[in-house]
Structures are given as C-alpha cells and as structure tokens.
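Chemist: need a 3D model of the sequence below.
(one chain, ligands or ions: 1)
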Amino acid sequence: MHHISPEDLALYAMQVVTPEESAAVRLHLHRCDPCRKELASLSGDLAFVALSADQQPLPAGARDRFFSKLQASAGADRERNQASVVTNASRRANTVATWVPWLAAAALLILSVSLGFEVQRLKVELQSRAASSARQIAAAARAQQVLEVLSAPAAQHVLLTAAKTSPVPTGRAVYLPARGGLIFQGNNLARLAEDKTYELWVIPASGSAPIPAGLFRPDAAGNATVVLPPLPVGVPAKAFGVTIERAGGSTTPTAPIILSGAV
Ligand SMILES: [Zn+2]
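Modeler: Below you'll find the model as predicted:
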C-alpha cells in the first residue's frame with residue numbers, strides 16, 4: 001500500500017483538494033496509522049502558523065483568487081492523473097509546484113510576525129530614547145539657567161560676613177575635574193592698575209605646575225567671575241590660587257598669592 005505524500009496531506013489539511021480526493025485520503029487515513037500521524041503533525045504546523053500570525057483582513061476577493069489558483073493547479077494535475085491520490089513522479093512534481101505558493105505564503109506570514117516583533121521592539125526603544133533625551137534637555141536647561149545667573153553682567157554678587165568686620169577679598173571656586181569645568185567668583189577684590197590683571201590658577205593634586213585658569217578684573221564693586229575657562233579634562237586639583245600678573249597674563253604664577261584655597 002502506498003502512503004499519501006506529505007504534500008498531498010498538506011493540501012488535504014488546507015482543504016484544497018476535490019471531494020473525490022478528499023474521500024480517497026479519508027479512506028486511506030482510516031486504515032493507516034503513519035499517515036494519520038503525519039496529518040496530525042502537518043495540521044499542528046498549520047494551526048501554529050495561523051495562530052502566530054497577526055490576523056489582517058485580506059483585500060476583497062484575494063482569498064478566493066488565491067485558493068482558486070491552488071485549485072486550478074491541482075485540477076490541471078488531476079486531468080493527467082485520473083485514477084487516485086497515489087503519488088507518481090509527475091504528480092509529485094506538480095503537487096510540489098502547488099505546494100510552493102503555500103510555502104511562500106507561510107514564510108511571509110512568519111516573516112510578518114517576526115517583523116511585527118521587531119517593530120514593537122523598535123517602538124519601545126524609541127520611547128525610552130525620547131524619555132532619556134527629554135531628561136537631558138531639562139538638565140541642560142537648568143544648567144543654562146545656573147550659568148546665566150552666575151555669569152550675567154547685571155548679576156549682583158553680594159558677600160555676607162559677620163557684622164562690623166571690614167570686608168576682605170574672597171573667592172569661591174566650583175570645580176568638576178571630570179569635565180575640566182570651573183566657575184570662580186571673587187568678591188571685595190582690590191582695584192588694579194591698568195597694566196595689571198588678576199589670574200586664576202588650578203594647582204594639580206599630582207604636584208605638576210599650576211595651570212592658568214583665566215584672567216579677570218573686578219568691577220567697581222570689587223566683584224569678578226570666571227566661567228568655564230579652557231582647562232584640560234580629568235585633572236584633580238589640590239588647591240586654587242589667584243595672583244596679580246601683568247596685563248595679558250602669565251604662564252607661571254607670580255608671588256605673592258593674593259587668594260588661595262585647598263580642595
Ligand atoms: Zn499511509
């Protein structure tokens with residue numbers, strides 16, 4: 001007894017065989033355990049494909065056209081092979097040809113499912129990036145506001161000291177070594193001769209030479225700021241200092257040190 005080919009069983013499972021073929025297959029299945037098992041496995045595969053695909057409505061008539069093509073192919077085949085469902089070489093070749101569009105359709109379904117997952121994954125990633133960039137924009141806006149207040153020419157810098165003491169020159173440095181970021185604010189600074197300037201210095205913790213960190217002259221009230229001077233990144237500081245140099249600045253500090261502060 002010949003068994004029914006997997007291709008024919010698949011056509012049977014998809015219900016695209018004629019009533020006569022269907023009857024012949026059922027008769028065989030009734031007597032043949034291996035073919036019943038094969039059919040069960042194929043039906044399982046079909047069900048899996050159907051379940052795992054997103055159900056999209058087909059364009060009007062598309063389903064009918066698809067199945068009538070399958071039927072036509074199977075019909076042409078049948079005219080040459082009158083007798084039965086039993087496979088011979090040419091029948092198999094034709095059935096395989098019929099089988100191929102279904103395989104292509106199944107492959108497309110599986111592809112569209114995996115594309116669906118990919119699209120979902122990209123959506124989630126996009127949302128998380130949007131959230132993270134919103135946080136960065138908010139943080140940058142706040143940093144901008146801080147800088148604007150600190151460095152605005154119109155900003156009033158007021159030093160509060162114990163009452164009834166004469167104000168002394170002071171400086172405050174905020175330093176972020178990892179970014180080479182430095183903001184300095186000086187108060188109660190003495191006026192300088194026209195050919196002199198104050199110069200700020202970063203004293204590296206490594207013991208290497210002091211790094212020039214900007215020139216400044218106080219305003220009429222004795223206040224001055226240095227905001228983000230160009231500095232190397234990643235230099236831990238031991239201290240900061242302020243000296244008086246000739247206008248144009250110096251590459252090494254000139255004694256005496258007017259202000260200094262250890263980290
Ligand atoms: Zn069989």
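
Chemist: tell me which parts of the protein are close to the ion?
Modeler: Counting by C-beta under 5 Å from the ion, the chain comes close to the ion at 3, 32, 35. Where C-beta positions appear, they are placed from N, C-alpha and C, glycine not excepted.

Chemist: now the residues you listed: which count as buried?
Modeler: Buried subset of these (neighbour count, 16 or more other C-beta atoms under 10 Å): 32, 35.

Chemist: let's have the residues of the chain next to the ion in CSV, adding secondary structure and pLDDT.
Modeler: Formatted as CSV, those follow (DSSP: H, G, I helix; E, B strand; the rest coil; pLDDT from 0 to 100):
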residue, secondary structure, pLDDT
3, coil, 89
32, coil, 91
35, helix, 90
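
Chemist: residues contacting residue 179?
Modeler: If you count contacts by C-beta atoms under 8 Å, 6 or more residues apart in numbering, residue 179 has them with residue 233.

Chemist: where does the residue in the stretch 151-263 of the chain that the ion sits nearest to land on pLDDT?
Modeler: Of all residues in the stretch 151-263 of the chain, residue 178 sits closest to the ion, at 74.8 Å by C-beta to the ion. pLDDT, residue 178: 91.

Chemist: secondary structure element for the residue found closest to it once you drop the neighbours it is linked to in the chain?
Modeler: Leaving out its chain neighbours, the residue that sits closest to residue 178 by C-beta to C-beta, 6 or more residues apart in numbering is residue 234, at 6.2 Å. In the assignment (DSSP states H and E), residue 234 maps to no helix and no strand.

Chemist: surely residue 234 meets residue 181?
Modeler: No - taking C-beta atoms under 8 Å as the definition, residue 234 is not a contact partner of residue 181, at 11.3 Å.

Chemist: ok, the two, which is more surrounded?
Modeler: Between residue 234 and residue 181, residue 181 has the larger neighbour count (other C-beta atoms under 10 Å), namely 14 against 9.

Chemist: give me the neighbour count for the residue nearest to that one when sequence neighbours are not counted.
Modeler: Spatially, and ignoring its direct neighbours in sequence, residue 181 is nearest to residue 228 (6.1 Å; C-beta to C-beta, 6+ apart). Other residues lying near residue 228 total 15 when counted by other C-beta under 10 Å.
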